[in-house]
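Undergrad: what would the 3D arrangement of this be:
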Amino acid sequence: MADLLWQRTSTEPASLVTNGKVSSRQVVDAHLDRIGEVNG
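TA: Below is the predicted model:
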C-alpha cells in the first residue's frame, strides 16, 4: 500500500495516518521515491 500513496488524494493518506494504517514516514518516503523516479 505504501508504494501507491503518491497516487492518492491529499486527504486519503491523512486518514490512513490518523487510523494507524500507515506512518507519516511512509507517506513522505513514498512521495520522495516517486520524485526520484520522475526527476532522476
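Undergrad: what is the distance between the helix ranked longest in the chain and the centre of its chain?
TA: Assignment by DSSP state H gives helix 24-39 as the longest helix of the chain. Put simply, helix 24-39 sits 7 Å off its chain's centre (C-alpha atoms, centre = their mean, to the nearest Å).
Undergrad: excluding its backbone neighbours, what's nearest residue 17?
TA: Closest residue to residue 17 apart from its sequence neighbours, by C-beta to C-beta, 6 or more residues apart in numbering: residue 24 at 5.3 Å. Where C-beta positions appear, they are placed from N, C-alpha and C, glycine not excepted.
Undergrad: so who does the spatially most central residue of the chain touch?
TA: By C-alpha atoms, centre = their mean, the chain has its centre lying nearest to residue 27, at 2.9 Å. Applying C-beta atoms under 8 Å, 6 or more residues apart in numbering to residue 27 gives the contacts 2, 5, 13, 16-17.
Undergrad: from residue 20, how far out is it?
TA: According to C-beta to C-beta, to the nearest Å, residue 27 and residue 20 sit 13 Å apart.
Undergrad: do the same with residue 12
TA: For residue 12, the distance to residue 20 - C-beta to C-beta - is 14 Å.
Undergrad: neighbour count for those two, which is higher?
TA: Higher neighbour count among residue 12 and residue 20: residue 12, with 12 against 7, using other C-beta atoms under 10 Å.
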